[in-house]
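Colleague: Provided below are the primary sequence and the corresponding predicted coordinates.
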Amino acid sequence: DGDRLIISNGGCEYYVLTFRFETSRFEADTTDLNFWSSRIVELMNGVTDGIDAPTDIKKATSILRRHIEAEQIQLYDEITFEPGEIRGYITIDRIQKVDNKRYGLEISYIVGPL
């Protein structure tokens, strides 16, 4: 369908797994973060089964979905999915219009400090 998915893996003190979707399936104002965050959940649910990661992506995405339903999302909000000394959290990093028909959506799954 012409969509792109770029996965970045990095970190040292923190393990960071970032997903960047470039899609033309949806259209809305880039400032409507709850709309786009819901689309990120939808896109992540479509790829989760193919991801082998040391963090529970399904659980984290489910917690993000519940968070979106409960309150207004902001960029870089730290949404905890694994509390404790070594915390796991999600951030919505970027919503951008790439061109006339495509939007770039970025989400990071972060664990740390290790």
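Modeller: Yes, it's here.

Colleague: Pairing partners for the helix or strand in which residue 17 is found, with directions?
Modeller: Here residue 17, judged by DSSP states H and E, is contained in strand 15-23. Strand 15-23 sits in its sheet next to strand 4-11 (antiparallel), strand 103-112 (antiparallel), going by DSSP bridges.

Colleague: Tell me the gap between the shortest one and the middle of its chain.
Modeller: Yep, that's strand 4-11 we're talking about. How far strand 4-11 lies from its chain's middle: 11 Å, per C-alpha atoms, centre = their mean, to the nearest Å.

Colleague: do the same with the last one
Modeller: Shown here is strand 103-112, whose average C-alpha point lies 4 Å from the average C-alpha point of the whole chain (C-alpha atoms, centre = their mean).

Colleague: Over to stretch 58-69?
Modeller: 10 Å.

Colleague: Looking at the strand holding residue 17 now, give me its mean pLDDT.
Modeller: The pLDDT scores in strand 15-23 average 97.

Colleague: Run a quick neighbour tally on residue 9.
Modeller: Residues lying near residue 9 (other C-beta atoms under 10 Å) number 9. Using the backbone N, CA and C atoms, a C-beta is placed for each residue, glycine as well.
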